Every structure is written in structure tokens, then in C-alpha cells.
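> Please work out how this folds:
(chains A, B, C and D)
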Protein chains: 4
Amino acid sequence: MNDSIDDLTKRIRAFVAARDWEVYHNPKDMAVAIAAEAGELMQHFVWQQPEQLSQRVADHRDEIASEIADVGILLFEMADLLGLHLGDVMASKLTYNEQRYPVEKSKGNNRKYDEL
Amino acid sequence: MNDSIDDLTKRIRAFVAARDWEVYHNPKDMAVAIAAEAGELMQHFVWQQPEQLSQRVADHRDEIASEIADVGILLFEMADLLGLHLGDVMASKLTYNEQRYPVEKSKGNNRKYDEL
Amino acid sequence: MNDSIDDLTKRIRAFVAARDWEVYHNPKDMAVAIAAEAGELMQHFVWQQPEQLSQRVADHRDEIASEIADVGILLFEMADLLGLHLGDVMASKLTYNEQRYPVEKSKGNNRKYDEL
Amino acid sequence: MNDSIDDLTKRIRAFVAARDWEVYHNPKDMAVAIAAEAGELMQHFVWQQPEQLSQRVADHRDEIASEIADVGILLFEMADLLGLHLGDVMASKLTYNEQRYPVEKSKGNNRKYDEL
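Prediction:
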């Protein structure tokens, strides 16, 4: 249930089309909206200390889930708008990351690929 | 192919686990990383005018796809980390949005639900 | 009045010190807070069309001013925390930008310095 | 030297005017650019652990200063564009914050004003 990127994307597309919102949903405004929603997600954790995170998540679980959903909905739509299959670009990037971050070099450290 | 949120999430989880990166991937740092990647996606469109967007996307298609993938990978992982099913929270939010933005009130305008 | 970066920075420093907040105000959490507040500022313009901007600003002037102030307060503090003089780093960057964006090449276009 | 918000703002305004960039610098695109630059500043700290921050700042001091300058330059210009005096709106917000965060209630904790 709700596991198919395609099915969710179709539902999002229908939602947008029914409201004639395609005119607003150009690539720039999609990217801006995604960044704004990602900022709202991050707002839940500003100034929070490591030992406060579990409680924070427990206290704001529904709001955090809602912000995650907002980012997801916009991201699925943006990929679709650009004619990209989100699952495919993610799979390609994962393959690339597996090469950029070889297990033997990146295990247990948080260095970027260009610092390995 | 690559259409299942669950399958992609499992692959991401395995990628992270193989590198012992769970220690870094707490909810706060996930949210920060998502916002930072969303910022990189948005960078492709800063100062761009409406009439420049098609060319911009055509010229930077692979980089933009790569940024979208980065946001997606982190978002799928964050939902999983919080014990959320991304597809379910997206579907719930879509249902909520369908109620907040009734077609008859929101068709053809970009007002927020609290301004309808 | 209120024109001196130093004076405002001293006031911010005193505000933070009086609340024993230095423990939270490390460089990472400052940068995260700045990005989160910049996201709130941007939220006022999400989906807004060019012809709607004047009205938007008029209708939300105080809130927008408040978000700009939030970014400014955190930015002044972060520069101070890193031992930087904000005015000096801004002046240096302006000099650098004057070189990167020569008037004859950048006049009337929005290309980045590496595309000139 | 370089301590006056007005003087820096005048220099920024002249830089923009000399390049005929006022046409691009509407309030929305300014806010988007600020958020994008704030994202670049934050990028220096993604996944960094508390004990890594000092070294991080030492290793990337000039780049971090440069990102702080970028946010500052855009923020000074945006305030000016909206007819706001940045120092005044910051001073007003500081006064408001002093009321929202009374020392006796906020000392030594990071709760938001609505959780005090």
C-alpha cells in the first residue's frame, strides 16, 4: 500500500491538475518550495542537543511526519515535471555513492568523498 | 523497476549500515542534510528568470537530477529512521491537502489554505 | 542610530550571555539556525508570481522585517563567534565580487562569474 | 572601518546599480538567494560532530567567512530594497526577544518562547 512511486506521483499530478496549479509549478518554484519545506522540517531541531532528540521526535512526531510528507510530495512532483523517474535517479545516485564511498575507506568516518 | 519505496529504502539502509554511519544519522543531522541538499537543488535556479528556466533545466539536467536524488535518498532514510512509512505519510498528507484546498476554492489561484 | 555593526553585535552578545546560551551557540548550530530563519523569510514568497510581489510585501511587511532581523541577529553573532568582523569580510567579498563581475561583462545579465 | 551598515549598504547598492541588476533583485529572488547562500554556509557543517567543529572552522575559515559575507551582502541589500533600516529592525527584534525570553525563565535552557 502506498509503496509505488508511480502511483503516488500520479495522485499528486491529478491533485495539481484539478486545481490548475501547473502554471505555478515551474522547476524554479518547485525547488524553492522544496527548500522552504525542508527548512520547516529542520526548524523542529534548531538548537536541539543530541540528548534532546528522542524526546523532540516523540513530542512532535505528527508535525515532523507532515513536514517529511510535504518535502516528499513536492520532490515526487518535481522529478515528474522534469521527466525524471525519481526511483531511477535515486538508484543511479546510490550506485555512484557506493563507488565514491568505498566501504573500506568510509567505514566509521564522516568524511566527504573528496576527503577520503 | 526502482518503483518501490520499500526496496529503495532497504538499499539505502544497507548502504548506511555497511559504512557504520548510523551513528551520524540522527534525526537532526538528517533534517540538516536534507535542507542543505535542497539548498543545492535550489542553487541551480537562483536569479533565473521565468523565460530562462527551460534552457537552465536543459543545460543542467544531470546535475539537477543528481540533487533531486540526494534529497530523495536522505528523505527516504529519515522517514525510515523515524519508523514512518514515507508513502503512507505522503498519502495521508495528500488526503489532508485535498480537504484544505477544495477544488472550487483553490482552482486557478495560489492562495494558501488559510487565505482561501 | 543602530548603524554600528559593533554596537549591535555587543548587544547581541550581552543578550546571549545573560541567558547562558553560549553553550548552544556553536558554529554548526548557528549556521543551522541562520538557514532555518532564511527559510522562514523565503516562505513569504513561495509560489508568488512576479506581479504579486509588491502586494505581498505590503501585506506582510512587519513579518518580513522580523525575519530579516532574525537572520541579521544570528549572522552578526556567528561572525563574532568566529572572531570575524562582519563588515570587514563583507567589504573584502565586495572587492572580490567587483573583480569577478566586471561591469563590462556583467552589465544587464545574470550570468555567474564562471559563465561570463 | 567597515562598521557602518549604511556605508556598506551604499556600496552594495552602487555595485548592483553599476551592473543593471536591479531588475533581478526583487524581494522574492533576494529571499531565495539568501536562503541558498545560508544553505552553502550550513554545508560546511553537515554531519559534523560537536568535537569536530573547532577543527572544521580552522580548516575552512576563509570559505566560511566568505559564505557569511555572501549572506550579509544580500541581507543588507534586501532590507534596503524594502525600505527598511536593517539596524533598526534588528534593534526592535532584540527588544522584543528580551521580552519574549526573560532572563529568569530562559537562562540555561533552549526552550522557545512559547514553551517557556
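
> so the residue of chain A positioned farthest from its centre, which of the three states?
No residue in chain A sits farther from the centre than residue A:104, which is 27.8 Å out by C-alpha atoms, centre = their mean. Put simply, residue A:104 is helix when judged by DSSP: H, G, I helix; E, B strand; the rest coil.

> In chain A, which helix is the longest?
helix A:61-81 (DSSP state H).

> Now do it, average pLDDT.
Taken as a whole, helix A:61-81 carries a mean pLDDT of 98.

> Touching that helix from outside, list them.
A:5, A:8-9, A:12-13, A:16, A:25, A:27, A:30-31, A:33-34, A:37-38, A:40-41, A:44, A:57, A:85-86, A:89, B:27, B:34, B:38, B:65, B:68, B:71-72, B:75, B:78-79, B:82, B:84, B:86, B:89-90, B:92-94, B:97 (C-beta atoms under 8 Å, 6 or more residues apart in numbering or on different chains). Quick note: C-beta positions are derived from backbone N, CA and C, even for glycine.

> What's the per-residue pLDDT of residue A:114 here?
88.

> gap between it and residue D:70?
Distance of residue A:114 to residue D:70, given as C-beta to C-beta, to the nearest Å: 22 Å.

> So for these two, which sits in the more crowded spot?
Neighbour count, other C-beta atoms under 10 Å in any protein chain shown: between residue A:114 and residue D:70, residue D:70 has more, with 21 against 6.

> What residues of the helix or strand that contains residue A:38 count as buried?
If you go by DSSP states H and E, residue A:38 is part of helix A:27-43. Buried residues in helix A:27-43, defined by neighbour count with 16 or more other C-beta atoms under 10 Å in any protein chain shown: A:27-43.

> Stretch A:57-65 too?
A:57, A:64, A:65.

> same check, this time on stretch A:107-116
residue A:110.

> Show me how far it is from its chain's centre.
22 Å (C-alpha atoms, centre = their mean, to the nearest Å).

> close to chain D, is it?
Yes. Counting by C-beta under 8 Å from any C-beta of the partner chain, chain D is contacted by stretch A:107-116 at residue A:110.

> how long is that stretch end to end?
One end of stretch A:107-116 to the other measures 11 Å (C-alpha to C-alpha, to the nearest Å).

> The longest helix of chain A to helix A:27-43, inter-axis angle?
On the basis of axes from the mean of the first three to the mean of the last three C-alpha atoms, to 10 degrees, helix A:61-81 is oriented at 160 degrees to helix A:27-43.

> Can I get helix A:61-81 in PDB, CA atoms only?
The C-alpha trace of helix A:61-81 is given here as PDB (Å, rounded to 0.1, in the frame of the first residue of the first chain):
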ATOM      1  CA  ARG A  61       6.100  13.200  15.700                       C
ATOM      2  CA  ASP A  62       3.000  14.100  13.700                       C
ATOM      3  CA  GLU A  63       4.300  17.500  12.700                       C
ATOM      4  CA  ILE A  64       7.600  16.100  11.700                       C
ATOM      5  CA  ALA A  65       5.900  13.400   9.600                       C
ATOM      6  CA  SER A  66       3.800  16.100   8.000                       C
ATOM      7  CA  GLU A  67       6.900  18.100   7.000                       C
ATOM      8  CA  ILE A  68       8.500  15.000   5.600                       C
ATOM      9  CA  ALA A  69       5.400  14.300   3.600                       C
ATOM     10  CA  ASP A  70       5.400  17.900   2.300                       C
ATOM     11  CA  VAL A  71       9.000  17.500   1.000                       C
ATOM     12  CA  GLY A  72       8.200  14.200  -0.500                       C
ATOM     13  CA  ILE A  73       5.100  15.300  -2.300                       C
ATOM     14  CA  LEU A  74       7.000  18.300  -3.900                       C
ATOM     15  CA  LEU A  75      10.000  16.200  -4.700                       C
ATOM     16  CA  PHE A  76       8.000  13.500  -6.400                       C
ATOM     17  CA  GLU A  77       6.200  16.100  -8.500                       C
ATOM     18  CA  MET A  78       9.400  18.000  -9.400                       C
ATOM     19  CA  ALA A  79      11.100  14.800 -10.700                       C
ATOM     20  CA  ASP A  80       7.900  14.100 -12.700                       C
ATOM     21  CA  LEU A  81       7.800  17.600 -14.000                       C
END
